[in-house]
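Chemist: Below is the sequence, then the predicted model.
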Number of protein chains: 2
Amino acid sequence: MAKRGDTTTATIEDVAAAAQVSVATVSRAVRGLPNVAPATRTRVLQVARELSYRADPNASRLAKGRSNAVAMAVPVLSGWYASQAISGAEAVLRDCGYDLLVLGVTPDGDSDEIVPQLHGFEKRADGLILVDAEPADEEVAELAASGLAVVTIGHATPHLQSIVNDELAAAECAVGHLTSLGHRRIGLIGTVSGNRRTRDGRRDGYRSALAAAGIELDPELEEVGEYSIQGGREAMIELLKTEPRPTAVFAVCDEMAMAAIKVCRENNLRVPEDVSVIGFDDHELAEVMDLTTIRQSVVANGAWAARTLMELMEEEERAPSYEPLVSATELVVRGTTAPPAG
Amino acid sequence: MAKRGDTTTATIEDVAAAAQVSVATVSRAVRGLPNVAPATRTRVLQVARELSYRADPNASRLAKGRSNAVAMAVPVLSGWYASQAISGAEAVLRDCGYDLLVLGVTPDGDSDEIVPQLHGFEKRADGLILVDAEPADEEVAELAASGLAVVTIGHATPHLQSIVNDELAAAECAVGHLTSLGHRRIGLIGTVSGNRRTRDGRRDGYRSALAAAGIELDPELEEVGEYSIQGGREAMIELLKTEPRPTAVFAVCDEMAMAAIKVCRENNLRVPEDVSVIGFDDHELAEVMDLTTIRQSVVANGAWAARTLMELMEEEERAPSYEPLVSATELVVRGTTAPPAG
DNA sequence: TTGTAGGCGTTATCAA
DNA sequence: TTGATAACGCCTACAA
């Protein structure tokens, strides 16, 4: 029968009493602030260790008005993207003594407003990492007014510091790879439907790469689909109904690409002999499936977001607007792309 | 030039003043406590809404000594397992108004002690979810003494409430599937090396399934390997060196299984004609790769962990020890297993 | 039903 | 270099 709170943890007063100094001195000593005599400091530190004293974070937060925590708002927590971003951010935050709060946000319906779900977070965290969110201007303003430092990853957001890919160039690179192999009939898997606020860089890149190769756009070859395996599967099934069927497809994420490959095989189409497939992400299983893809390092981006956020939180003032940082992407050619047959 | 903290958020006193009641009444009203006149309550709530008042969580935590947050300690944040567990737990915690703190813990070296890295967390969270950790008895005691409610997922831990698979039965099922297909030479990918504290249920199940089929154990067929794609790759390469090579392999996680399939193909071995492969997890890409596997729902387990933890946090006393909860696993037969050739 | 006031553990401002 | 002491914002006996 173990009661709760068996152990009473030492408070700053206990330490002060034991070290025969005032609480103010203890506070200064343990936090490494200046203006405390070396002898005093060692004594206090010694006592603090003996009592295994640690400042109560809540009291501390209340007193200084900062929480030393950052929140990360993610639309889909169970996916690859989220796990990479979290992993990258967590490592640097932990290193710097910040707590990481993870929060699933569900863009509800068309409005996909996420900020309302963030209410009250300006007290729980000093900073916020928005993953793959597209807040409207009013939402950004609200966020800024809340005093939270905000960084976005995955989508450039005006007035917010962001890290993004050059989606356009990356997609051009992917589709350019296909056209340079000689493909002329190329499907796109995963373009987003109309009601999003931001541009769809990957689709734009797809289009411009086709244009650059002198290929006319066929709207039938652009399949909407959510970023998931199921989404990829459905999109590919639709694509195979077109006449003539595409000899290559560009999927906007690796999961979708893998699903597309599966659909091809189910239809007795060989990859890459009958259909070339290129993805986007460089998911660790892409190598296993020998999938040609565009590599992006979401872990690195998550880490960058955390670092940038911390800088932002240090600053007293904020610049009104920022240019998004563009992270590198890279074409990784593997076995799922080849020249078209015949 | 936007200054920090442009907006001063309303405090309980502001609400009290505006509603012409005392702070105590406001506190009761907004928290839905009894003993407040209906009229008063509506008025207070009204004012609170107008001022968009939210109790400062830090002040609140300090005052009542609870943080309404739970921490989740995870060894590898970037992996599939972590993302599933986080996703499951987060949803129920958010639903109940708890914050989720995510913490990467690195079992350092042989000792793999994680508790030291948890110091100070009894102040930040009321509860802790330990993912795939095997704390020593002293660590468990320390944890209990800290007053934290603790739940483990993935490994049964004495004195702690845990949710686990019946690893033995699940592995027996997997390997039994192979033996019933007629395989006699079956490799194991991913057994753990000797210095772990707990038993290796999947290896034990492998062995007992072999015994049940009257197959003698060949130590060469048990390949140590870390739970990763690279680990699976290396293990499979070793396995293919044995004479005669196995006609089937059981990989302890899907990523390893997928890597194994890749290695087979690189060696011109067909799956399942030449080598059958069965995994463990039912990763969403398992279906895409048509991988036979043992399904477990880590999302569900994460959710269970969160719910159980909350119950534990409500209780005033704790029972001294618990039986682990066994979650269901299920054989999912797909295309990577078949009777041996010849 | 409502209000008063002390306490939660730190931090920060002034004096000393 | 140190030490009182007032915030910080909320909760909760206890009183009214």
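Modeler: Done, it's in. Owing to the predicted nature of the structure, the values given are computational and were not obtained by experimental measurement.
Chemist: Helix, strand, or coil at A:Arg94?
Modeler: helix (DSSP: H, G, I helix; E, B strand; the rest coil).
Chemist: A:Ile186: neighbouring residues, count only.
Modeler: Residues within reach of A:Ile186, counting by other CB atoms under 10 Å in any protein chain shown, total 24. For glycine as for every other residue, the C-beta is placed from the backbone atoms N, C-alpha and C.
Chemist: pLDDT score for the residue of the stretch 151-300 of chain A found nearest DNA strand D?
Modeler: Proximity of the stretch 151-300 of chain A to DNA strand D (CB to the nearest atom of the strand) peaks at A:Val151, 25.1 Å away. pLDDT recorded at A:Val151 is 95.
Chemist: close to chain B, is the one helix or strand it maps to?
Modeler: Assigned by DSSP states H and E, A:Val151 falls within strand A:149-153. No - Strand A:149-153 stays clear of chain B (CB under 8 Å from any CB of the partner chain), getting no nearer than 8.5 Å.
Chemist: Run the chain-centre distance for that strand.
Modeler: Strand A:149-153 sits 10 Å away from the centroid of its parent chain (CA atoms, centre = their mean, to the nearest Å).
Chemist: and the stretch 1-150 of chain A, which residues reach DNA strand D?
Modeler: Residues of the stretch 1-150 of chain A found near DNA strand D (CB under 7 Å from any atom of the strand) are A:20-25, A:28, A:34-37, A:39-40, A:59, A:62-63, A:65.
Chemist: low-scoring stretches of the stretch 151-300 of chain A, by residue?
Modeler: Scanning the stretch 151-300 of chain A with the threshold set as pLDDT under 70 gives A:193-199.
Chemist: Tell me which stretches of it form helices.
Modeler: Assigned by DSSP state H, counting those that start in this stretch, the helices in the stretch 151-300 of chain A fall at A:167-180, A:201-212, A:229-239, A:254-266, A:284-288, A:298-314.
Chemist: now for the fifth one, which elements pack on it?
Modeler: In terms of contact count using 3 or more CB pairs under 8 Å, 6 or more residues apart in numbering or on different chains; DSSP states H and E, helix A:284-288 is assigned the packing partners helix A:254-266, helix B:229-239, helix B:254-266.
Chemist: any chance of these in a markdown table, plus distance to A:Ala55 and mean neighbour count?
Modeler: Listed next are these as a markdown table, based on distance: least, CB to CB, whole Å; neighbours: other CB atoms under 10 Å in any protein chain shown:
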| stretch | distance to A:Ala55 | mean neighbour count |
| --- | --- | --- |
| helix A:254-266 | 44 | 25 |
| helix B:229-239 | 41 | 22 |
| helix B:254-266 | 41 | 25 |
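Chemist: What is the neighbour count of the closest residue to A:Arg295 other than its chain neighbours?
Modeler: Spatial nearest neighbour of A:Arg295, chain neighbours left out: A:Asp282 (3.6 Å); criterion: CB to CB, 6 or more residues apart in numbering or on different chains. Using other CB under 10 Å, A:Asp282 has 22 other residues around it.
Chemist: would you list every one of the strands in the stretch 1-150 of chain A?
Modeler: A:2-3, A:69-74, A:99-104, A:127-131, A:149-153 (DSSP state E, counting those that start in this stretch).
Chemist: okay, those strands in CSV with distance to DNA strand C and mean neighbour count next?
Modeler: Converted to CSV, those look like this (distance: least, CB to the nearest atom of the strand, whole Å; neighbours: other CB atoms under 10 Å in any protein chain shown):
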stretch, distance to DNA strand C, mean neighbour count
strand A:2-3, 17, 11
strand A:69-74, 15, 26
strand A:99-104, 15, 23
strand A:127-131, 18, 27
strand A:149-153, 18, 26
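Chemist: which residues sit in contact with A:Ala89?
Modeler: Applying CB atoms under 8 Å, 6 or more residues apart in numbering or on different chains, we find A:Ala89 in contact with A:Val70, A:Met72, A:Leu100, A:Ile129, A:Gly302, A:Ala303, A:Ala305, A:Ala306.
Chemist: distance of the second one from B:Val36?
Modeler: What that stands for is A:Met72. 37 Å (CB to CB, to the nearest Å).
Chemist: secondary structure element for the closest residue to A:Glu273 other than its chain neighbours?
Modeler: Nearest residue to A:Glu273, sequence neighbours excluded (CB to CB, 6+ apart): A:Ala341, at 5.8 Å. Applying DSSP H and E as the criterion places A:Ala341 outside every helix and strand.
Chemist: Now do the same contact list for A:Ala341.
Modeler: A:Thr247, A:Glu273, A:Asp274.
Chemist: Who wins on neighbours among the residues you listed?
Modeler: A:Thr247 (24 neighbours).
Chemist: my guess is that one contacts A:Glu273, does it?
Modeler: No - shown here, A:Thr247 and A:Glu273 do not form a contact pair, counting by CB atoms under 8 Å, at 9.9 Å.
Chemist: hang on, the earlier thing: make JSON lines from the helices and strands packed on helix A:284-288 and add distance to B:Ala328 to it.
Modeler: Listed next are those as JSON lines, based on distance: least, CB to CB, whole Å:
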{"stretch": "helix A:254-266", "distance to B:Ala328": "26"}
{"stretch": "helix B:229-239", "distance to B:Ala328": "25"}
{"stretch": "helix B:254-266", "distance to B:Ala328": "17"}
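Chemist: tell me the pLDDT at the residue of the stretch 101-250 of chain A found nearest DNA strand C?
Modeler: Proximity of the stretch 101-250 of chain A to DNA strand C (CB to the nearest atom of the strand) peaks at A:Asp126, 13.3 Å away. Note for A:Asp126: predicted pLDDT of 96.
Chemist: which residues does it contact?
Modeler: A:Arg66, A:Ser67, A:Asn68, A:Ala69, A:Val70, A:Leu148, A:Ala149, A:Met313.
Chemist: now A:Leu240
Modeler: By CB under 8 Å, 6+ apart, the contact list for A:Leu240 reads A:Val263, A:Cys264, A:Asn267, A:Leu269.
Chemist: Keep only these that also lie close to DNA strand C.
Modeler: With the criterion set as CB under 7 Å from any atom of the strand, no member of the contacts of A:Leu240 is near DNA strand C.
Chemist: And those residues, which is closest to DNA strand C?
Modeler: Closest to DNA strand C out of the contacts of A:Leu240 is A:Val263 (57.7 Å), distances taken as CB to the nearest atom of the strand.
Chemist: For B:Gln84, see how far away the closest one is.
Modeler: From A:Val263 to B:Gln84 the distance is 25 Å (CB to CB).
Chemist: what do you get for A:Ala141?
Modeler: Note on A:Ala141: its distance to B:Gln84, by CB to CB, is 36 Å.
Chemist: which of these two has more neighbours?
Modeler: Relative neighbour count places B:Gln84 above the other of A:Ala141 and B:Gln84, with 23 against 14, counting by other CB under 10 Å.
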